[in-house]
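K.L.:
sequence unknown, structure follows:
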């Protein structure tokens, strides 16, 4: 088992880090008790990799993701974005960072389609060509994630699994440089669990650094790297090996039709 800061092995590509953290710490009070949710965490995230973060409930996974995206302010440590120190994670450019939280955060007053397209509306610059391109990307994601027939329904009118895939499509629509996903297959059956991982893999192939907090065994097996967290401390338990990328992502079985759909969407997005 190696410390998470020792990330490079022979054969690794020299891709620079998208985000790196050093000695990150976050504590909070629970009554009179001080809970050290994140302690001395050091690792980096690089574009084109899917990194799985595993740990038992209460180990600090969600707190760590929240600290990385700026939803919670770390008590100590340094975060670098493309090599440049950040005063705090909340100063990250919002259009470069996408988050898929456990609570999904869909806007109930909007349809599934409108939720997926919301980042396009919020981030649109006076550039019709770019807006049109992102709108086509949103449509491709809706199709690829099996939401086409549900696109005009409100979130309350679809299942939790479908809501989760809509939140994933929303997270991917701006082609983020960093994607933080908290249990993204938690509401999926086996078929769509594989489909969701294919979408994460597609994001990595587009250049995103993808960090996934998960218990899903297929995601853990197929991720490029595996980090484990316990009592707020992170260690790398599997470093990348040549030729291992996506070993389970294109397997056959119950996810075959889903995989075809995601791969079709990927072609449309390219």
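P.N.:
Thanks, I have it. Since the model is a prediction, treat every value here as computed from it, not as a measurement.
K.L.:
show me what the one helix or strand residue 199 maps to is packed against.
P.N.:
Following DSSP states H and E, the helix or strand that holds residue 199 is helix 190-205. Contacts defined by 3 or more CB pairs under 8 Å, 6 or more residues apart in numbering; DSSP states H and E place helix 190-205 against strand 50-54, helix 160-172, strand 178-182, strand 209-213, helix 217-222, helix 256-269. In short, each C-beta sits where N, CA and C put it, glycine included.
K.L.:
and the ones you listed as a markdown table, adding distance to residue 21, mean pLDDT and mean neighbour count?
P.N.:
Formatted as a markdown table, those follow (distance: least, CB to CB, whole Å; pLDDT from 0 to 100; neighbours: other CB atoms under 10 Å):
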| stretch | distance to residue 21 | mean pLDDT | mean neighbour count |
| --- | --- | --- | --- |
| strand 50-54 | 12 | 95 | 24 |
| helix 160-172 | 20 | 96 | 24 |
| strand 178-182 | 12 | 96 | 25 |
| strand 209-213 | 11 | 96 | 26 |
| helix 217-222 | 21 | 88 | 19 |
| helix 256-269 | 29 | 52 | 17 |
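K.L.:
run the angle between the helix holding residue 199 and strand 178-182 for me.
P.N.:
160 degrees (axes from the mean of the first three to the mean of the last three CA atoms, to 10 degrees).
K.L.:
now do the buried residues in helix 190-205.
P.N.:
192-204 (16 or more other CB atoms under 10 Å).
K.L.:
one more: stretch 98-113?
P.N.:
So for stretch 98-113, counting by 16+ other CB under 10 Å, buried means 98-102, 104, 106, 111-113.
K.L.:
just name the closest of those to residue 181, please.
P.N.:
residue 100 (4.1 Å; CB to CB).
K.L.:
now the helix holding residue 199: mean pLDDT?
P.N.:
On average, the pLDDT along helix 190-205 is 93.
K.L.:
could you check the angle that helix makes with helix 160-172?
P.N.:
10 degrees.
K.L.:
so what's the gap between helix 190-205 and the chain middle?
P.N.:
Distance of helix 190-205 from the chain centroid (CA atoms, centre = their mean, to the nearest Å) equals 11 Å.
K.L.:
now that helix against strand 50-54, angle please.
P.N.:
Going by the same axes, to 10 degrees, helix 190-205 makes 130 degrees with strand 50-54.
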